[in-house]
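Asks: Build the 3D model from these lines:
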Amino acid sequence: MLKEGVQRLSSAGDRNIPWKKILEFGGNVFQKGRTPIDLKDKWRNICKGSPKSK
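Replies: This next block holds a predicted model:
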């Protein structure tokens with residue numbers, strides 16, 4: 001869900017990903033205590049492991 005949200009809600013060259021909108025987009029999937037910062041940190045970890053995620 002995180003990858004889908006990033007793909008849908010951010011533009012290709014934009015470094016400012018709308019984490020709050022992504023959290024709202026996947027609100028029924030993400031745990032209730034999640035914050036936009038949690039999603040940003042998770043995305044950073046995903047990108048470290050897979051160069052295709054960026």
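
Asks: which helices and strands does the longest helix anywhere in the chain pack with?
Replies: Using DSSP state H, we find that the single longest helix of the chain is helix 36-49. Here helix 36-49 touches helix 2-9, helix 19-25, going by 3 or more C-beta pairs under 8 Å, 6 or more residues apart in numbering; DSSP states H and E. (Each C-beta comes from the backbone N, C-alpha and C, glycine too.)

Asks: Point out where this structure drops to low pLDDT.
Replies: 12-14, 51-54 (pLDDT under 70).

Asks: Now with 80, please.
Replies: Residues of the chain meeting the criterion pLDDT under 80: 11-15, 50-54.

Asks: winner for burial among the helices and strands packed on helix 36-49?
Replies: Comparing the helices and strands packed on helix 36-49 by mean neighbour count (mean count of other C-beta atoms under 10 Å), helix 19-25 comes out on top with a mean of 17.

Asks: and residue 6, what is it in contact with?
Replies: 17, 22, 43 (C-beta atoms under 8 Å, 6 or more residues apart in numbering).

Asks: Check residue 35 too.
Replies: residue 23.

Asks: Quick check: buried residues in the longest helix of the chain?
Replies: 39, 43 (16 or more other C-beta atoms under 10 Å).

Asks: now the angle from it to helix 2-9?
Replies: 100 degrees (axes from the mean of the first three to the mean of the last three C-alpha atoms, to 10 degrees).
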